[in-house]
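Visitor: The amino acid sequence is not available; the structure is as follows:
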C-alpha cells in the first residue's frame, strides 16, 4: 500500500507541476502579445497546451485507475492538484481570448 500511495503522490505532483508550467507559459504568452510579438505568444501557448496535455494524461490515468477499482486516496493534495489544473485550463482559455483581442487592436505591424 505504501508504494501505491507514493506513486499516487508522484502523479499528483506531476499534475501540479505541469499545470503550473502551463499557467506560467500562458502568462508569458500574454506578455508577448502585449508587446505585439504574436509569433512568440503563439509558440508559448503551444508549449502551455503541451504542459496541460501532460497534466491531463496523468489525471486521466488516475481516473481510469479509480474506474478499474484502484482508487486514489482522497487528500488535500489531490484536491489542490485538481484545483490547480482546472484553474490553469481556465486561465489559458481566457488568455487565448485576450491575445485574440490584442491582435485585433494591434497597430499595423510592418
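Guide: Nice, thanks for sending it over. Owing to the predicted nature of the structure, the values given are computational and were not obtained by experimental measurement. Residues are numbered from 1 along each chain as shown.

Visitor: Could I get the average pLDDT for the helix or strand hosting residue 60?
Guide: Using DSSP states H and E, the secondary-structure element containing residue 60 is helix 38-67. Confidence over helix 38-67 (mean pLDDT, whole number) is 95.

Visitor: Distance check, residue 66 against residue 10.
Guide: Spatial separation of residue 66 from residue 10 under the definition C-beta to C-beta, to the nearest Å is 17 Å. Where you see a C-beta, it was placed from the backbone N, CA and C, and this is true even at glycine.

Visitor: Ok, residue 89 next?
Guide: With C-beta to C-beta as the criterion, residue 89 and residue 10 are 21 Å apart.

Visitor: Just want to know which of those two has more residues nearby.
Guide: Neighbours of residue 89 and residue 10, each counted by other C-beta atoms under 10 Å, are more numerous for residue 89; the result is 18 against 10.

Visitor: isn't that one right up against residue 52?
Guide: Yes: contact between residue 89 and residue 52 holds when scored by C-beta atoms under 8 Å: they sit 6.1 Å apart.

Visitor: Helices along this structure, start to end?
Guide: Counting by DSSP state H, residue ranges of the helices within the chain are 2-34, 38-67, 76-105.

Visitor: Now for residue 89 and residue 52: what residues contact both?
Guide: When contacts are counted by C-beta atoms under 8 Å, 6 or more residues apart in numbering, the set common to residue 89 and residue 52 consists of residue 22.

Visitor: What sits closest to residue 27 if chain neighbours are left out?
Guide: Distances taken as C-beta to C-beta, 6 or more residues apart in numbering put residue 95 closest to residue 27, at 7.0 Å, once the chain neighbours are dropped.

Visitor: which residues sit in contact with that neighbour?
Guide: Residue 95 makes contacts with 26, 27, 29, 30, 45, as judged by C-beta under 8 Å, 6+ apart.
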